[in-house]
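# sequence and predicted model, in that order:
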Amino acid sequence: MASFEMGVQLLKNMLIKKKSYSAFFADESDALHKAFPAKATVHAGPFGVPMLWNSARNFLEKKSFEPRKTEGIAYVHIPFCESRCLFCMFYQNPYSKEASNAYTDTLIKEFELWNGRAAQNSAPIKALYFGGGTPTVLEASDIKKILGAARKNLPLAKDCEITFEGRIHGFSDEKLEACLEGGVNRLSIGVQTFNPEIRREMQRLDSPEFIIHRLEELGEHDNLAVVIDLLFGFPGQKGKVWTKDLRIAAELPIDGVDCYQLNVFEKSPLNTRIKSGLCEPAATLAEAADMYAESVEKFSSHPDWHRLTNTHWAKTPLERNLYNRLAKGPSDCLPFGCGAGGKLFGYSWMQERKLAKWSDMVDKGLKPVFVMMKPQEHWTLMRTLASSVESGPFNLCEIGGNFNVDIEKPLKPVMDQWIKAGLLEKSGDLYSPTVAGQFWYVTMAQLATEALTMVISKDDSFKADPITQSVYSPNQAEAWLKTINKREE
């Protein structure tokens with residue numbers, strides 16, 4: 001089993017060799033299992049041009065006084081975990097009560113930095129997401145303070161979706177009450193699997209029985225959407241184990257389910273264990289594809305569930321999945337916290353990932369920018385295209401019409417071949433992914449963006465190597481920093 005990065009490099013090498021429409025074509029022999037040799041990226045979309053450190057911070061400072069013209073979203077990062085799961089690449093810092101208290105105080109200062117500035121306050125925030133790390137690890141008193149500061153300093157829409165991410169372990173009634181009092185109306189719980197052996201292997205901390213019981217308790221709260229994440233592709237998860245995971249999830253009194261493919265990253269503890277023979281390999285791409293197809297069959301045939309995106313299912317109207325859908329598109333996203341990522345007017349940036357540097361910058365009254373990317377030509381169009389392909393059925397005529405650009409004609413060779421390969425079906429102007437297309441959605445979204453860039457971009461910096469601009473490392477900050485260092489040399 002190759003790491004995720006090795007797969008990305010394999011696909012990237014194939015694209016570099018062709019530089020024509022055929023570079024984006026799928027294998028026609030077996031769309032579900034063999035359409036592409038690997039996944040192209042974690043999140044699809046246009047990349048950009050790195051901006052140098054000081055110029056990025058000065059630029060953002062000026063931009064913070066410009067009004068946002070559309071509804072946006074906000075992301076708050078909590079960079080602490082009580083323990084590290086073997087497969088996770090989001091672990092940053094060990095948790096302690098003292099760390100929670102100190103982080104809360106500085107985070108509130110960051111909320112206040114731009115309060116009154118047009119970029120933060122000029123248009124409503126439709127969705128506010130607390131991610132990590134593990135937000136539910138925070139002390140109940142700190143959860144209250146943070147939520148209160150967010151509501152005070154951000155122009156939250158009346159129907160704002162406020163999501164708190166975390167896990168069942170340590171999420172006490174006191175913490176739940178702090179969330180509810182602070183306006184949280186959506187919980188995103190990382191279950192990953194209900195199998196006790198796999199949970200122990202991946203260093204998950206609670207038993208399946210306790211998780212199920214706690215989810216049933218959470219499901220009793222009115223006006224609170226409870227959503228869980230499931231991962232498919234763990235070592236030992238194929239067959240009956242995954243079937244049971246799906247059955248349990250489908251019958252729980254919850255509001256939404258995400259089914260994501262496990263990515264085994266090169267520097268993850270899981271990959272180290274697999275390479276050393278201490279753990280059996282994770283599922284191959286073909287095996288993962290079968291597991292995904294089983295999840296589609298399970299929730300499509302269940303009378304209580306309906307599909308929201310290629311990976312997300314809803315059981316009740318409480319689940320809107322609003323933040324995730326808006327984050328994939330061109331909406332502005334205001335980031336807060338150590339290691340948070342966001343975008344404004346097409347400029348995307350990552351904040352300082354080291355606690356001391358992040359805290360020092362906030363104390364100095366500066367937005368803690370680590371790296372920033374200038375948007376490429378047609379950024380909004382490309383972002384809209386990628387998010388539309390990622391979400392499900394898409395209409396190229398409609399997307400292009402909104403930007404006064406004909407995108408169906410230049411993309412027709414690729415779309416026609418994907419139809420022939422069995423990834424898409426077309427009715428009128430609407431392209432609908434088959435089950436195979438749904439499995440390969442992120443790769444298709446990325447390749448569609450690359451193909452369009454190849455044809456319509458007038459910017460030589462993107463046309464020089466158009467088909468590899470956005471096939472990048474899952475650790476985006478690291479990739480950005482490498483690019484910046486090369487330019488400075």
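Okay, I see it. Numbers count the residues shown, from 1 in each chain.
# near residue 409, how many other residues are there?
Residue 409 has 10 neighbouring residues, counting by other CB atoms under 10 Å. Yep, even glycine has a C-beta here, placed from its N, CA and C like the rest.
# that one: which element?
When secondary structure is defined using DSSP states H and E, the element that contains residue 409 is helix 408-421.
# just after that helix, pick out the following helix or strand.
strand 424-427.
# can you give the strand pairings for that next one, parallel or anti for each?
Paired neighbours of strand 424-427 in the sheet (DSSP bridges): strand 430-433 (antiparallel).
# which stretches of the stretch 351-489 of the chain form strands?
Here the stretch 351-489 of the chain has its strands, by DSSP state E, counting those that start in this stretch, at 369-375, 394-395, 424-427, 430-433.
# show me where pLDDT drops low in the chain?
Counting by pLDDT under 70, the chain contains low-confidence ranges at 1, 17-19, 458-489.
# what about the longest strand in it?
Across the chain, the longest stretch assigned as strand under DSSP state E is strand 156-166.
# surely residue 198 is in a strand?
No. Remark: residue 198 does not belong to a strand; assigned using DSSP: H, G, I helix; E, B strand; the rest coil, it is helix.
# touching, residue 179 and residue 165? I think so.
No. With contact defined as CB atoms under 8 Å, residue 179 and residue 165 do not form a contacting pair (10.9 Å).
# looking at those two, which one has more neighbours?
A count of neighbours by other CB under 10 Å puts residue 179 above the other of residue 179 and residue 165, at 24 against 21.
# first-to-last residue distance for stretch 337-356?
Across stretch 337-356, the terminal residues are separated by 12 Å (CA to CA, to the nearest Å).
# which residues touch residue 326?
By CB atoms under 8 Å, 6 or more residues apart in numbering, the contact set of residue 326 is 73, 126-127, 333.
# buried sites along stretch 234-241?
234-238, 241 (16 or more other CB atoms under 10 Å).
# farthest pair within those?
Within the buried residues of stretch 234-241, 235 and 241 form the most distant pair, 10.3 Å apart (CB to CB).
# common neighbours of the two, please.
The overlap between the contact sets of residue 235 and residue 241 (CB under 8 Å, 6+ apart) consists of residue 198.
# re earlier: who touches both of residue 179 and residue 165?
residue 187.
# just to revisit the earlier point, what packs against the helix holding residue 409?
For helix 408-421, the contact count by 3 or more CB pairs under 8 Å, 6 or more residues apart in numbering; DSSP states H and E identifies helix 396-402, strand 424-427, helix 441-456 as packing neighbours.
# got JSON lines for those, with mean neighbour count too?
Compiled in JSON lines, the helices and strands packed on helix 408-421 are given as follows (neighbours: other CB atoms under 10 Å):
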{"stretch": "helix 396-402", "mean neighbour count": "16"}
{"stretch": "strand 424-427", "mean neighbour count": "15"}
{"stretch": "helix 441-456", "mean neighbour count": "24"}
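# CSV for the contacts of residue 326, including distance to residue 442, neighbour count and secondary structure?
Compiled in CSV, these are given as follows (distance: CB to CB, whole Å; neighbours: other CB atoms under 10 Å; DSSP: H, G, I helix; E, B strand; the rest coil):
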residue, distance to residue 442, neighbour count, secondary structure
73, 20, 24, strand
126, 23, 20, strand
127, 21, 27, strand
333, 19, 22, strand
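# would you turn the residues you listed into CSV with distance to residue 387?
CSV is the format used below for the contacts of residue 326 (distance: CB to CB, whole Å):
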residue, distance to residue 387
73, 13
126, 15
127, 14
333, 13
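# separation between the closest residue to residue 79 other than its chain neighbours and residue 39?
On the basis of CB to CB, 6 or more residues apart in numbering, the spatially nearest residue to residue 79 that is not a chain neighbour turns out to be residue 92, at 4.0 Å. Summarising the geometry, the distance separating residue 92 from residue 39, computed by CB to CB, to the nearest Å, is 24 Å.
# the more surrounded of those two?
residue 39 (22 against 17).
# need the contact list for the nearest residue to residue 39 once chain neighbours are set aside.
If the residues on either side of it in the chain are set aside, residue 39 comes closest to residue 443, at 5.4 Å by CB to CB, 6+ apart. The neighbours of residue 443, taking CB under 8 Å, 6+ apart as the test, are 11, 35-36, 38-41, 44.
# neighbours of residue 300, just the number please.
Look at residue 300: counted by other CB under 10 Å, it has 12 neighbours.
# shouldn't it be in contact with residue 259?
No. In this structure, residue 300 is not within contact of residue 259 by CB under 8 Å, at 11.9 Å.
# for the helix or strand that the longest strand of the chain is followed by, packing partners?
Downstream of strand 156-166, the next assigned helix or strand under DSSP H and E is helix 173-181. Here helix 173-181 is seen to pack against helix 140-153 when contacts are counted using 3+ CB pairs under 8 Å, 6+ apart.
# which residues touch the helix it packs on?
By CB under 8 Å, 6+ apart, the residues outside helix 140-153 that reach it are 74, 76, 100-101, 103-104, 107-108, 111-112, 115, 120, 128, 130, 135, 138, 156, 162, 164, 172, 174-175, 177-179, 181-184.
# ditto for stretch 290-298
Contacts to stretch 290-298, defined as CB under 8 Å, 6+ apart, come from residues 32-33, 230, 232-233, 237-238, 242-243, 246-247, 250, 259, 261, 283, 435, 438-439.
# what's the PyMOL syntax to select whichever of those residues are buried?
What follows is the PyMOL syntax for the buried subset of the contacts of stretch 290-298, where burial is set by 16+ other CB under 10 Å:
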select buried, resi 32+33+230+232+233+237+238+242+246+250+259+261+283+435+438+439
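# so which of the contacts of stretch 290-298 belong to helices?
Among the contacts of stretch 290-298, the subset assigned to helices under DSSP state H consists of 32-33, 242-243, 246-247, 250, 435, 438-439.
# tell me the one of these nearest residue 408?
The nearest one, if we look at the ones in helices among the contacts of stretch 290-298 relative to residue 408 and count by CB to CB, is residue 438, at 21.2 Å.
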